[in-house]
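Asker: compute the structure for the input listed below.
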Amino acid sequence: MKKIMALIGFTLMLSACDRFGNSDSKTGNATRIVCIAKQYNEIIWALGAQQDIVAVDISSTYPAELKKLPTVGYHRALSAEGILAAKPTLILHDNNIGPEQVIKQLTDLKIPMKVFTTKATTIDSTKMLFREMGAYFHQEKRADSLCNKLDADMKAALDNAKQFNTIPKVLVIHYGQASNNYLLITRKNTAAKMIEWAGGQVAVDDEKGMKQISAEAIAASDPDVILLTDFGYDKLGSLEKIKELPGVAGTKAAMSNRIYRVEEHDLVYLGPRTGENTLKIQKLIHQGEASK
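Answerer: So this is what the prediction gives:
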C-alpha cells in the first residue's frame with residue numbers, strides 16, 4: 001500500500017509541474033536524466049554531455065566519475081522506488097532493462113523514456129551511435145572526433161595483429177552479478193569480436209553470448225590465456241583461488257600462469273575506447289610472443 005501511495009503521489013507531482021508534456025524534449029536546467037545503460041553513459045561522458053545525468057545503473061562504471069552518482073540498481077533488476085527517488089524528467093535505456101513490472105510502473109507514470117535507434121554491434125554502427133547521440137545532445141563536433149579516434153585506434157590494433165605468428169585461444173570468464181555466478185563468454189559475445197581484432201580467438205562457442213561455467217566446457221576449450229573480469233577476479237583475490245574454479249587448473253593457461261584481470265567495461269560493449277581496449281587485450285594475449 002505504501003508503494004502504491006508513493007507512486008500516486010509522484011504522479012500528482014508530475015501533473016502539477018507539467019514536466020512531461022514532450023516525451024523527448026530537454027527542459028534546460030530542470031532536466032534530470034537517469035541513464036540505465038553503461039554503453040550510453042560512457043558515450044555521454046565522452047561527448048561532454050553529462051551535466052544533466054543524476055543517476056545511473058550499477059553496471060555503469062566508466063568513467064570513474066560515474067561511481068560518484070546515485071545508482072538505481074542492476075539494469076535488469078531495477079526498483080521503481082530507486083528510480084523515482086532521482087526525480088527523473090527522462091530515462092535513457094537500451095532496451096536491456098527489467099523486470100517487466102517496474103517498466104510498466106514507469107510507463108504508467110508517463111515518465112519519458114528514450115532508446116537510441118542505433119545498435120552499436122560493429123565499428124561502423126558504433127560510429128553511427130556516436131553521431132546519433134551527438135546530435136541529440138548538440139555535440140556533433142565531439143561525435144566526429146570520437147569517430148576519427150576510433151578509426152585510428154582500430155587501424156593500429158588491426159595492423160599490430162598482423163605481426164603475430166599465433167592465434168591464442170582465449171577463455172573469458174565473467175562474474176554475473178544478477179545470477180551470482182561465474183559465466184563463460186562465447187564467440188557470440190561482443191568481447192569475442194575484440195579478441196579476434198586483437199589477434200586471438202575466444203575458446204568457447206555456443207548459441208548464446210554467455211553460458212554457465214563447467215569443468216567440461218573449460219577442459220574442452222583448453223585455453224592458452226584466461227581473462228577474468230574485474231568483479232569476479234577481485235572476489236577470488238588470487239591466482240590460486242582462480243585455479244580452483246571448475247576445470248581451470250588443468251588448462252595450459254593455468255599451468256603457465258597466463259590468467260589476467262580485465263575490466264568488464266573494457267570488454268562487454270563497443271564504445272569510444274574500443275580501439276584502445278583492443279590494443280590492451282592484444283598486449284595480454286600475445287604477452288611474450290615474438291612478432292613476425
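Asker: care to break this structure down by domain?
Answerer: Using automatic domain parsing, the domains assigned to the chain come out as 2-115, 165-285.
Asker: which helix is the longest one in this protein?
Answerer: helix 140-161 (DSSP state H).
Asker: tell me which residues of the helix or strand following that helix are tucked away?
Answerer: Downstream of helix 140-161, the first helix or strand assigned by DSSP states H and E is strand 169-176. Buried residues in strand 169-176, counted by 16 or more other Cβ atoms under 10 Å: 169, 170, 171, 172, 173, 174, 175. Quick note: C-beta positions are derived from backbone N, CA and C, even for glycine.
Asker: coming back round to it: could you say what helices and strands the longest helix of the chain packs with?
Answerer: Packing partners of helix 140-161 (3 or more Cβ pairs under 8 Å, 6 or more residues apart in numbering; DSSP states H and E): helix 38-47, helix 123-136, helix 190-197, helix 274-285.
Asker: give me whichever of those helices is most buried.
Answerer: helix 38-47 (a mean of 24; mean count of other Cβ atoms under 10 Å).
Asker: quick check: mean pLDDT of that helix?
Answerer: In this model, helix 38-47 has a mean pLDDT of 98.
Asker: helix or strand right after that helix?
Answerer: strand 53-56.
Asker: each with direction, which strands does the helix or strand harbouring residue 211 pair with?
Answerer: Using DSSP H and E, residue 211 sits within strand 210-212. Strand 210-212 pairs in its sheet with strand 181-185 (antiparallel), by DSSP bridges.
Asker: for the record, mean pLDDT for the partner strand?
Answerer: In this model, strand 181-185 has an average pLDDT of 93.
Asker: and the angle from it to strand 169-176?
Answerer: 140 degrees (axes from the mean of the first three to the mean of the last three Cα atoms, to 10 degrees).
Asker: give the buried residues for strand 181-185.
Answerer: 182, 183, 184, 185.
Asker: show residues contacting that strand.
Answerer: 171-176, 191-192, 202, 204, 206, 209-213, 217-218, 232, 245, 267 (Cβ atoms under 8 Å, 6 or more residues apart in numbering).
Asker: got the angle for that strand vs helix 190-197?
Answerer: On the basis of the same axes, to 10 degrees, strand 181-185 is oriented at 40 degrees to helix 190-197.
Asker: roughly how far is strand 181-185 from the heart of the chain?
Answerer: Mean-position distance between strand 181-185 and its chain equals 15 Å (Cα atoms, centre = their mean, to the nearest Å).
Asker: one more: stretch 240-248?
Answerer: 25 Å.
Asker: now that stretch: mean pLDDT?
Answerer: Mean pLDDT, stretch 240-248: 94.
Asker: repeat for stretch 207-220
Answerer: In this model, stretch 207-220 has an average pLDDT of 92.
Asker: where does residue 30 land on pLDDT?
Answerer: 84.
Asker: surely it touches residue 90?
Answerer: No. With contact defined as Cβ atoms under 8 Å, residue 30 does not reach residue 90; the gap is 10.6 Å.
Asker: more crowded one of these two?
Answerer: Higher neighbour count among residue 30 and residue 90: residue 90, with 21 against 10, using other Cβ atoms under 10 Å.
Asker: hang on, that one packs against residue 32?
Answerer: Yes. Counting by Cβ under 8 Å, residue 32 is a contact partner of residue 90 at 7.4 Å.
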